[in-house]
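Undergrad: Below are the sequence and a predicted model; questions follow.
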Amino acid sequence: MPRVLSIIFFAFLSYSAVAQSWEVGGKLGGAGYMGDLNTNNPLKLSDVSAGAFVKYNFNPYLSAKIGYTWGNISAADSLSSNAQFRERNLSFSTNLNEISLTGEFNFFDYVPSVSKNVFTPFIFTGVANVRYKPTAVYQNLRYDLQPLKTEGQVSPYATNAWVVPYGAGFKYNFSGRLNLIADIGYRYTRTDYLDDVSGNYANKALFTDPVARAFSDRSGENSGNYVGASGTQRGDQRRFDTYFFIGLSISYTFITSKCYY
């Protein structure tokens with residue numbers, strides 16, 4: 001890691017005085033998540049994603065990007081191959097609305113229509129804020145889960161979180177100043193409630209809302225055998241959920257009148 005940081009720092013110093021360029025683009029792809037309803041498949045897609053971005057290229061190696069990405073993630077225990085998950089019978093779906101600020105590092109000298117390299121792998125990281133609102137269906141009606149406090153919380157959990165995006169991708173200058181970009185990016189979050197599941201089952205006797213009581217333990221809806229005893233494990237006991245976006249982007253780079261060389 002220190003060696004990689006040294007290379008990035010040297011590249012910034014070497015090119016700090018050269019020309020810069022702006023870049024705009026759009027993205028389509030998929031979204032997925034890892035959490036209490038998907039504990040072991042880091043590449044499981046659940047729905048689509050789309051986004052747009054504006055990027056400032058400081059030099060052929062370094063850039064900063066502001067982006068907006070929308071996606072949907074969902075999961076259902078009823079579709080799991082794990083018998084215990086199917087018995088638990090929880091489910092959720094939520095839209096993700098993310099605004100991010102990330103930095104990118106190209107491994108090769110890359111300036112569309114200028115440099116000799118027409119492709120480069122790259123890595124990125126940064127900071128983002130995501131808004132989410134898990135929902136689920138009960139008796140053919142869809143409900144927002146956060147206000148129901150399904151685990152007996154004193155106060156509802158927040159429906160936005162700061163996250164750390166990180167990932168890698170590949171850029172290809174396929175025509176003039178047009179770029180085709182493929183990337184995958186994971187989000188380290190500070191929330192365990194993307195799926196409305198985190199800790200233990202609550203005491204059902206404390207629920208005054210029958211809908212909240214029903215959502216707190218859905219294990220017996222089909223069998224009549226409810227397994228969610230108060231204080232027993234409901235989630236996977238991991239501290240935080242994770243989500244990711246994967247997709248293809250097309251962008252256009254505006255080169256300044258100055259030359260990079």
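TA: Arrived safely, thanks for sending.
Undergrad: can we go C-alpha only for contacts and neighbour counts from here?
TA: Noted.
Undergrad: what about the closest residue to residue 199 other than its chain neighbours, which SS state?
TA: Spatial nearest neighbour of residue 199, excluding adjacent residues (C-alpha to C-alpha, 6 or more residues apart in numbering): residue 235 at 5.0 Å. Following DSSP: H, G, I helix; E, B strand; the rest coil, the label given to residue 235 is coil.
Undergrad: Ok, residue 222 next?
TA: The three-state label given to residue 222 by three-state DSSP is coil.
Undergrad: so the residue nearest to residue 199 makes contact with residue 202?
TA: No - Residue 235 is beyond contact range of residue 202, at 11.9 Å (criterion: C-alpha atoms under 8 Å).
Undergrad: These two: who's more crowded?
TA: Between residue 235 and residue 202, residue 202 has the larger neighbour count (other C-alpha atoms under 10 Å), namely 23 against 20.
Undergrad: Residue 57 contacts residue 23, doesn't it?
TA: Yes - here residue 57 reaches residue 23: they are 7.4 Å apart, a contact under C-alpha under 8 Å.
Undergrad: Output the below-cut-off pLDDT ranges for the stretch 151-261 of the chain.
TA: Scanning the stretch 151-261 of the chain for pLDDT under 70 picks out the ranges 257-261.
Undergrad: could you pull out the strands for it?
TA: Applying DSSP state E, counting those that start in this stretch to the stretch 151-261 of the chain gives strands spanning 160-175, 178-189, 242-255.
Undergrad: Columns distance to residue 103 on top of those strands, output as JSON lines?
TA: Listed next are the strands of the stretch 151-261 of the chain as JSON lines, based on distance: least, C-alpha to C-alpha, whole Å:
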{"stretch": "strand 160-175", "distance to residue 103": "10"}
{"stretch": "strand 178-189", "distance to residue 103": "13"}
{"stretch": "strand 242-255", "distance to residue 103": "16"}
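Undergrad: List the contacts of the residue nearest to residue 41 when sequence neighbours are not counted.
TA: Nearest residue to residue 41, sequence neighbours excluded (C-alpha to C-alpha, 6+ apart): residue 34, at 7.0 Å. With contacts defined as C-alpha atoms under 8 Å, 6 or more residues apart in numbering, residue 34 is in contact with 40, 41, 42, 241, 242, 243.
Undergrad: Now, of these, which are buried?
TA: Using 16 or more other C-alpha atoms under 10 Å as the burial test, the contacts of residue 34 include 241, 242, 243 as buried.
Undergrad: outside of stretch 141-152, which residues touch it?
TA: Contacts of stretch 141-152 (C-alpha under 8 Å, 6+ apart): 133-137, 155-157, 159, 196-197, 199-203, 206-207, 211-213, 215-216.
Undergrad: what do you get if the cut-off is 6 Å, keeping everything else the same?
TA: Stretch 141-152 is contacted by residues 134, 135, 136, 156, 201, 202, 212, 216 when judged by C-alpha atoms under 6 Å, 6 or more residues apart in numbering.
Undergrad: Many thanks, have a good one.
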